[in-house]
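1. coords please:
(chains A and B)
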Protein chains: 2
Amino acid sequence: MSINYAERANHVKASEIRELLKVTERPEVISFAGGLPAPELFPIDEIKQVCNSVLTENGMQALQYGTTEGYTPLRELIAGRMCRLGIDVPAEDILITAGSQQGLDLTGKVFIDEGSTVVCESPTYLAAISAFRTFLPRYAEVAMDDEGMIMEDLEMALAENPGKKFIYTVPDFQNPTGRTMSLDRRKRLVELANKYDVIVVEDNPYGELRFKGESLPPVKRFDTEGRVVYSSTFSKILCPGLRVGWICAAPEILRKYVLFKQGTDLHTNVMSQFIISRFFEMFDIETHISKIRETYRVRRDLMVQTIAREFPEGIKYTRPEGGLFLWVELPSHINARDILIKCIDNNVAFVPGGSFFPNGGKENTLRLNYSNADEDKIVEGIRRIAKILKEEL
Amino acid sequence: MSINYAERANHVKASEIRELLKVTERPEVISFAGGLPAPELFPIDEIKQVCNSVLTENGMQALQYGTTEGYTPLRELIAGRMCRLGIDVPAEDILITAGSQQGLDLTGKVFIDEGSTVVCESPTYLAAISAFRTFLPRYAEVAMDDEGMIMEDLEMALAENPGKKFIYTVPDFQNPTGRTMSLDRRKRLVELANKYDVIVVEDNPYGELRFKGESLPPVKRFDTEGRVVYSSTFSKILCPGLRVGWICAAPEILRKYVLFKQGTDLHTNVMSQFIISRFFEMFDIETHISKIRETYRVRRDLMVQTIAREFPEGIKYTRPEGGLFLWVELPSHINARDILIKCIDNNVAFVPGGSFFPNGGKENTLRLNYSNADEDKIVEGIRRIAKILKEEL
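-> Modelled structure (predicted):
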């Protein structure tokens, strides 16, 4: 028997790293590998009350099929939050998605032909690479510094890659680097998108998790022509298990997303949409977000301090102002995959950075997550990594 | 500003019919258009108890990210139910999807290249056409009679279409026709799939909703080589708002589905998976399914009887043994879209059949749903349609 897979299915394969990281499920392993929120902060009792309210008052509707665009009160609530970010949109410009990951799949469907160019940060979000991969694009990686994409490099990438392309960016506390794009570059990015007439996909799951200082306006805030597609999620400010995110885009573009969403899964989980919408009515989300921010800030501080104290000389790392991750650059002759194997033997794990570069390279990098480990584990885990690094460097 | 959509996005457009049917949201319209289960049968109180139990006992896990393959106890439960259908599989062969609609999107990703042939019933499930459309296949439609696909036509379609192809079938109470494939044809279908070395995708959301007689074994029951991909859902036996379905396939094939699922939405709603799994522990699903069957049987009987009494001569219709739909064939010179427009003026709606034929044609057909209207509405709605038909015929 032969199996006639589609061409794209011949390319796809399980990541080695993912296989290696399966050990992180063992309780003795301290894992900085995932991107999981701290589950001890989930408002479980509140959600229990919310579920009771939703099922008592709207049971038939919450358990029935829904519209592809999403539950109207939730779309209105999101539009209201977008307005507070300076993006003045009606509820009609919002499409509810199954987490922001689905937004990426739909972006692939709407914008990527085989051979289209995705212009993205180098490194970029790993699961965006998996989502886009289905549609067989090429990648033009744009070098970053501590202010995000370097604009001269971005312009070069736009000028040098003919054919269909769009810019994909995670401007706030980027996954994997934790870096934030500066205000000037946000404006410049939109200018360049206008000049080269390309779409921008702004993926912003972490924006509300800033630990100090002023929030920066989203890139879409500077969108003069309706060319920025904005995506975000409730996964990091409430909980990811409900799988609710959204896309905000100009009506013509959003219509395409809606049409593909229809074929993809008909609509997002209705019960989850009711739960989130009712949660916002019954409880104060801002108080809840403050608690998350404060917890993650303490963990980031501790991780940064422990790295500063324990890691050997010659290692660079970011000091993110928010979000879930920091990024480590080892001396160029060190391969983080080899370090990971030794770390796993010592019951500590992280994600090697190589996979975050869609065209490959930079195997001397790694990503550390600080949101999902308590204080003791952060100190002990960083010590274990430091011990291996001292042996190797 | 120009928007560089992917080629596939230039093809996709909103269906006229869907626009027409927006009026069915008006409360005065009796709609036989949707495919909605009867919401008055949703076990709302039971689900409330289930939610309390899940959040009390497993809150952190139910609201956290989950694995792509799905929640293990739910996969085990499904494997158990598959065994009762004569399909002896371990939990590892089950992938949890966001409704069975997502199974179709993933099928497209795994099996369809541009120009691949989908060999399907004529007519076939509308939302399968929307799901597959993203991947730009061609269709070979196989004529049906009351026993499902005609096997000589199927063999011709397999022989005449070179290149990549698979067979897509809804064997039980098919959407849109309500027809069921006979036992002999199920066996023959697998023989032909073996002979022509093609994959079979068996989409079976309605199988458990048989009103009388013995259930037929799924096509996958006769699968000797692991070439049948089976898909089903909890939408019709519990509720659709939770968006939980599954794919059952041989390990090598399932691995591809899992890899694409990862990029598509990471994993299915975890809370929903816990709810369904806990529901099966706390309550007797069989009692619940019996109630659904009985309600739909009464509605089908009433719809068939009212059609027999009220419709003018020369109209054919199916008498489904289960499921949600029946299929009407008007005299060939009558266009069901024209009838729909007149019906809408008289506050009754259905779906014209033309869209269920992927290559177009058969505009003299229509689909009627009987699961979502109470007895009075069924009688009144069919009378209204009959009145228009009498004027037109």
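2. beta partners of the spatially closest residue to A:Lys165 that is not a sequence neighbour?
-> Closest residue in space to A:Lys165, ignoring its immediate chain neighbours: A:Thr117 at 3.9 Å, by C-beta to C-beta, 6 or more residues apart in numbering or on different chains. From N, CA and C alone the C-beta is placed, and that goes for glycine too. A:Thr117 has these beta-bridge partners by DSSP bridges: A:Arg138, A:Lys165.
3. does A:Thr117 touch A:Val142 like I think?
-> No. With contacts counted by C-beta atoms under 8 Å, A:Thr117 stays clear of A:Val142, the gap being 11.4 Å.
4. now do the same for A:Ser215: its pLDDT.
-> A:Ser215 carries a pLDDT value of 93.
5. do A:Val23 as well
-> According to the prediction, A:Val23 has pLDDT 80.
6. equivalent analysis for A:Ile17, please.
-> 76.
7. tell me which element it falls in.
-> Per DSSP states H and E, A:Ile17 falls inside helix A:16-21.
8. between A:Thr117 and A:Val142, which one's more packed in?
-> Using other C-beta atoms under 10 Å in any protein chain shown as the criterion, A:Thr117 and A:Val142 rank with A:Val142 on top: 24 against 21.
9. name the helices or strands packed onto the helix or strand encompassing the more buried one?
-> Using DSSP H and E, A:Val142 sits within strand A:138-145. On a contact count with 3 or more C-beta pairs under 8 Å, 6 or more residues apart in numbering or on different chains; DSSP states H and E, strand A:138-145 meets strand A:117-122, helix A:151-160.
10. what's the angle between the shortest one and helix A:151-160?
-> Spelled out, it's strand A:117-122. If you take axes from the mean of the first three to the mean of the last three C-alpha atoms, to 10 degrees, strand A:117-122 sits at 160 degrees to helix A:151-160.
11. would you mind listing the outside residues contacting strand A:117-122?
-> A:112, A:128, A:132, A:137-144, A:148-149, A:154, A:157-158, A:161, A:163-170, A:174, A:177, A:198, A:357-358 (C-beta atoms under 8 Å, 6 or more residues apart in numbering or on different chains).
12. what about the strands in chain A?
-> Counting by DSSP state E, one finds strands in chain A at the ranges A:30-31, A:94-97, A:117-122, A:138-145, A:148-149, A:165-169, A:199-203, A:228-233, A:245-248, A:316-317, A:325-329, A:348-349, A:351-352, A:365-369.
13. let's have those in a markdown table, adding mean pLDDT.
-> Below are the strands of chain A laid out as a markdown table (pLDDT from 0 to 100):
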| stretch | mean pLDDT |
| --- | --- |
| strand A:30-31 | 96 |
| strand A:94-97 | 98 |
| strand A:117-122 | 98 |
| strand A:138-145 | 98 |
| strand A:148-149 | 98 |
| strand A:165-169 | 98 |
| strand A:199-203 | 98 |
| strand A:228-233 | 98 |
| strand A:245-248 | 98 |
| strand A:316-317 | 98 |
| strand A:325-329 | 98 |
| strand A:348-349 | 96 |
| strand A:351-352 | 95 |
| strand A:365-369 | 97 |
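14. distance to A:Arg297 added to these, as CSV?
-> Converted to CSV, these look like this (distance: least, C-beta to C-beta, whole Å):
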stretch, distance to A:Arg297
strand A:30-31, 20
strand A:94-97, 29
strand A:117-122, 24
strand A:138-145, 23
strand A:148-149, 21
strand A:165-169, 24
strand A:199-203, 23
strand A:228-233, 20
strand A:245-248, 24
strand A:316-317, 17
strand A:325-329, 13
strand A:348-349, 23
strand A:351-352, 22
strand A:365-369, 15
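15. distance of A:Asp374 from chain B?
-> 14 Å (C-beta to the nearest C-beta, to the nearest Å).
16. how about stretch A:250-267 and chain B, touching?
-> Yes. Stretch A:250-267 comes into contact with chain B (C-beta under 8 Å from any C-beta of the partner chain), by way of A:252-253, A:255-256, A:259-260, A:262-267.
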